[in-house]
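>>> Kindly return the folded structure for what I paste below:
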Amino acid sequence: MFGYVPRLLAIHVLWLWCLTNVPVSAAEFYAVVEREGIVALCLSKGALLFADRCEGSGRLSIVQPIKEGTVVWRSAIGTVSLENDTPNAGCALSHAKWDPKSEEVVSTGRKIAKIDRSALLERMKQNLLKDADAVENDIAAFALDLDGDGKEEIVFAASNLNRLAEHYSGDEPVPYFVYAGVLAKDSTFPMLFFHDRGDYLGGTDAIGDVTIKGVVPIAPGSGELALLIKGGSGLSGDQTLIRYWHGGIQRIDTFEFICN
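Presented below is the predicted three-dimensional model:
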């Protein structure tokens, strides 16, 4: 997993070079950040830095939330600094700041599109959800060409946790499921990047759930896109960058927060 990290950040830097037409130097600073200032990963002076030790000034690539329509990339010059609002020194975490008016925007020419959830559920019941008590409202999904091959993949999250929380009587355990992954349009076998299942006994804080937070660019010319996802219980600060390539999943684990 970690052997892949420098490669991902290196090609991310190349993308930013194409975006800004500015030559890349190992002494420069780049970061992948969310709109709220949360820092996913940094590259500084040739070193890879996670969000517990990233500081510097340079170009920030801003994660795009999942919403229907054209995918655009935003970047800006900004600053990343360590912040800590607790007395625990181990809770310091990087935070990014920039002027929204200075953002540069480039369209990818690709779109996030709605899909027919009823048809998707029917396909998923052939394998992944074959033995699950799943309904259409358990599924959130969209279509997007992730690997630049001209074919849209289906990105999905399927979970019955919300439905169970609303209707659970407390009489006995009820099976729950949480799945998230990528499904090629000509396949019924998805590639999962998150999964959890077990017996529901009430509450959801300790159960692993998943949120697909946004998309980020990977490499210039290739048209590859990565997903930023948060998976795990409400007590977990972990999040992950997901790359879909040649029908497989590659991942970089990072974190959204350290201390609750």
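
>>> contacts, neighbours, all on C-alpha from now
OK.

>>> where does the stretch 151-260 of the chain have low pLDDT?
203-206, 218-223, 233-235, 260 (pLDDT under 70).

>>> Buried by neighbour count: which residues of whichever helix or strand residue 178 is part of qualify?
Per DSSP states H and E: residue 178 is located in strand 174-184. The neighbour-count check on strand 174-184 (16 or more other C-alpha atoms under 10 Å) flags 176-184 as buried.

>>> the longest strand in the chain is where?
Counting by DSSP state E, the longest strand found in the chain is strand 69-83.

>>> then that strand to PDB, C-alphas only?
Taking Å, rounded to 0.1, in the frame of the first residue of the first chain, the C-alpha atoms of strand 69-83 are listed here in PDB:
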ATOM      1  CA  GLY A  69     -23.000  17.500 -13.500                       C
ATOM      2  CA  THR A  70     -19.700  18.300 -15.100                       C
ATOM      3  CA  VAL A  71     -16.600  17.400 -13.100                       C
ATOM      4  CA  VAL A  72     -14.300  20.500 -12.600                       C
ATOM      5  CA  TRP A  73     -11.000  20.800 -10.800                       C
ATOM      6  CA  ARG A  74     -10.200  23.700  -8.600                       C
ATOM      7  CA  SER A  75      -6.800  24.700  -7.300                       C
ATOM      8  CA  ALA A  76      -5.400  27.800  -5.600                       C
ATOM      9  CA  ILE A  77      -2.300  29.100  -3.900                       C
ATOM     10  CA  GLY A  78      -2.700  28.800  -0.100                       C
ATOM     11  CA  THR A  79      -1.200  27.800   3.200                       C
ATOM     12  CA  VAL A  80      -1.300  24.700   5.300                       C
ATOM     13  CA  SER A  81      -0.500  24.900   9.000                       C
ATOM     14  CA  LEU A  82      -0.800  22.700  12.100                       C
ATOM     15  CA  GLU A  83      -3.700  23.700  14.400                       C
END
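
>>> in its sheet, what does that strand sit against?
strand 56-62 (antiparallel), strand 93-98 (antiparallel), strand 104-112 (antiparallel) (DSSP bridges).

>>> can you tell which of the ones you listed is closest to residue 237?
strand 93-98 (11.6 Å; C-alpha to C-alpha).

>>> tell me how far that closest one is from the chain's mean position?
Using C-alpha atoms, centre = their mean, to the nearest Å, the mean C-alpha position of strand 93-98 is found 18 Å from that of the whole chain.

>>> Note down every partner strand of the helix or strand harbouring residue 211 and its orientation.
Taking DSSP H and E as the definition, one finds residue 211 inside strand 209-217. Sheet pairing for strand 209-217, assigned by DSSP bridges, gives strand 64-65 (antiparallel), strand 225-232 (antiparallel).

>>> For those, state which one has the densest average packing.
Highest mean neighbour count of those: strand 225-232, a mean of 22 (counted as mean count of other C-alpha atoms under 10 Å).

>>> need the contact list for the residue nearest to residue 228 when sequence neighbours are not counted.
In space, and not counting its chain neighbours, residue 228 is closest to residue 241: 4.7 Å by C-alpha to C-alpha, 6 or more residues apart in numbering. By C-alpha atoms under 8 Å, 6 or more residues apart in numbering, the residues touching residue 241 are 226-229, 251-254.

>>> Tabulate those residues (CSV), appending distance to residue 97.
Converted to CSV, those look like this (distance: C-alpha to C-alpha, whole Å):
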residue, distance to residue 97
226, 23
227, 22
228, 20
229, 22
251, 26
252, 23
253, 23
254, 20
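
>>> quick one: residue 59 from residue 37, how far?
13 Å (C-alpha to C-alpha, to the nearest Å).

>>> got it, and residue 61?
Distance from residue 61 to residue 37, by C-alpha to C-alpha: 11 Å.
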